[in-house]
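1. what follows is a predicted structure for the sequence shown.
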Amino acid sequence: MLDVTVIEDAEAAAVSLDPIRARLLAELAGGPASAAMLAGKVGLPRQKVNYHLKALERHGLVELAGERRKGNVTERLMRATAASYVISPLALASVQPDPDRFRDQFSARWLLALGARLVRDVGSLITGATKARKPLATFALDGEVTFASAAERAAFVTELTAGVTALINKYDAPGAAGGREHRIVVAVHPTLKSPEPGPSDAGPENPELTER
């Protein structure tokens, strides 16, 4: 079972978003089960569960893990193809975000568009690499920083921009024979905390988090 996989097909996305089918995916992420085993957990008749499982199987969201005999019946044991799923913007291709449409490094919505493109591109790369049975070279860096003030955050962004730009200029070789093109995305945003009683963190009392 994969840890995470990307759903690129619109019909598969619609199937996965159905509440009952999403519940079945969650149950099957914990291990193989038959329609009869799942029926009691989701509170539906076995035949209804089997109907939903077949829909999930048609779109590659679940697969056959094995079969077992129970009395005069042979039960199909199904399992989820991944522990979790991400829906690619390709599932809504005609309205997917395009970060090239506008560029504003301080816009949270532009950051969201960049994130959507990242999901789309990496998802497509994973799909292609899987079909070709080839490894995919990727790298990710994740961390958190607490800024003492908005001025410190602004200084950090300035230094980060200068540092990354210097690295790009140092290693960029657009005319190199056999060169390997890579995209670089660096994001800085407030850490998302669990909601607490009181005014919203993004409300007027905290203008640092409002959209530009």
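-> Looks like it arrived, so ask away.
2. any regions of the chain where pLDDT drops low?
-> Applying pLDDT under 70 to the chain flags residues 194-212.
3. residue contacts, the spatially most central residue of it?
-> To find the centre residue of the chain, average its C-alpha atoms and take the closest one (CA atoms, centre = their mean): that gives Val86, at 3.6 Å. By CB atoms under 8 Å, 6 or more residues apart in numbering, the contact list for Val86 reads Val4, Thr5, Val6, Ile7, Val119, Gly123. The way it works is simple: take the backbone N, C-alpha and C, and place the C-beta from them, glycine included.
4. same thing but 6 Å
-> Val6, Val119 (CB atoms under 6 Å, 6 or more residues apart in numbering).
5. nearest residue to Leu28 other than its sequence neighbours?
-> The shortest distance from Leu28 to any residue other than its chain neighbours is 4.0 Å, reached at Ala80 (CB to CB, 6 or more residues apart in numbering).
6. would you list the phi and psi of the one you found?
-> Taking degrees, to the nearest 10, you get phi -70, psi 150 for the backbone angles of Ala80.
7. for the nearest residue to Arg69 once chain neighbours are set aside, list each beta-bridge partner.
-> Distances taken as CB to CB, 6+ apart put Glu75 closest to Arg69, at 7.7 Å, once the chain neighbours are dropped. Taking DSSP bridges, one finds Arg68 as the beta-bridge partners of Glu75.
8. my guess is Glu75 contacts Gly66. True?
-> No: taking CB atoms under 6 Å as the contact criterion, Glu75 and Gly66 are not neighbours in contact, 9.4 Å apart.
9. ok, those two, which is more surrounded?
-> Glu75 (17 against 11; other CB atoms under 10 Å).
10. and what about Lys86, helix, strand or coil?
-> Wrong residue type there; residue 86 is Val, not Lys. State at Val86, reduced to three classes by DSSP: H, G, I helix; E, B strand; the rest coil: strand.
11. kindly provide the distance from it to Ser107.
-> Note on Val86: its distance to Ser107, by CB to CB, to the nearest Å, is 23 Å.
12. cool, Arg117 as well?
-> Using CB to CB, which is the criterion applied here, Arg117 is 14 Å from Ser107.
13. which one of those two has more residues nearby?
-> Taking Arg117 and Ser107 together and counting by other CB under 10 Å, Arg117 has the greater number of neighbours (18 against 15).
14. which neighbouring elements make contact with the strand or helix carrying that one?
-> Element membership for Arg117, per DSSP states H and E: helix 108-132. Contact partners of helix 108-132 among helices and strands, from 3 or more CB pairs under 6 Å, 6 or more residues apart in numbering; DSSP states H and E: none.
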